[in-house]
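A.B. asks: Structure, please.
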Amino acid sequence: MKKALLAFLLLAIVVAIAYYRTSRHQGELSDQFSKGVTEGKEALSVYQKRSDSLGSALAMREAQLTDSLHRLESGYQAVVDSMGQVVASKDQEIKRLADRKRAVQSSKPGIKAQKDSTGLSQKHEQILSYYRRRIKELPADLSEYEKRVAVNEVRDETTRKFAITMNELDKICQAVKLTN
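C.D. replies: Coordinates of the predicted model:
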């Protein structure tokens, strides 16, 4: 029985040592868990502060950019409105000039109606006399190509001076059978 008692005592000591080691290990794990939770909370707090800081910086930057965008938009809108006013005033000026041109043309029907013996108006006579004079002023020693270029220059000069088209000049020249 002594052996059984000794075996029982030895078993109780082994169980007590195992229990002590397990509870000690459990305590260490519990301490490590608590330490990990504390470190996690601290890290979370740091990250939360950084997130809040970045969020407020982002909100402030967004507000600045929105304000800047509104200022630019209002500036550009002012330019667009100004250009609209300029276009409107130019349209009115064009209409006024067109009306004035029509009024001048309608107030001088006698000039267009006055025709000489060849059937040309005074304006057409002025154009023809200018054109003929400029053609006669050309040097006589021009080659065929030079003469053709010079005649084209005289035609361009005549159309610009009298504000007519080449077709109108051609019709005026054809009316008197002038060829060049």
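
A.B. asks: Packing partners of the strand or helix carrying R134?
C.D. replies: If you go by DSSP states H and E, R134 is part of helix 122-136. Helix 122-136 makes packing contacts with helix 109-113, helix 144-162, helix 166-175 when contacts are defined by 3 or more Cβ pairs under 8 Å, 6 or more residues apart in numbering; DSSP states H and E. The way it works is simple: take the backbone N, C-alpha and C, and place the C-beta from them, glycine included.

A.B. asks: Among the ones you listed, which comes closest to I13?
C.D. replies: If you check each of those against I13 by Cβ to Cβ, helix 144-162 wins as the nearest, at 126.9 Å.

A.B. asks: Tell me which residues of the closest one come out buried.
C.D. replies: Neighbour-count burial for helix 144-162 flags 147, 150-151, 154-155, 158-159, 162 (criterion: 16 or more other Cβ atoms under 10 Å).

A.B. asks: Distance to T66 and pLDDT added to those, as a markdown table?
C.D. replies: Putting those into a markdown table (distance: Cβ to Cβ, whole Å; pLDDT from 0 to 100) gives the following:
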| residue | distance to T66 | pLDDT |
| --- | --- | --- |
| K147 | 72 | 91 |
| A150 | 67 | 92 |
| V151 | 68 | 91 |
| V154 | 65 | 91 |
| R155 | 63 | 91 |
| T158 | 63 | 91 |
| T159 | 58 | 92 |
| F162 | 60 | 89 |
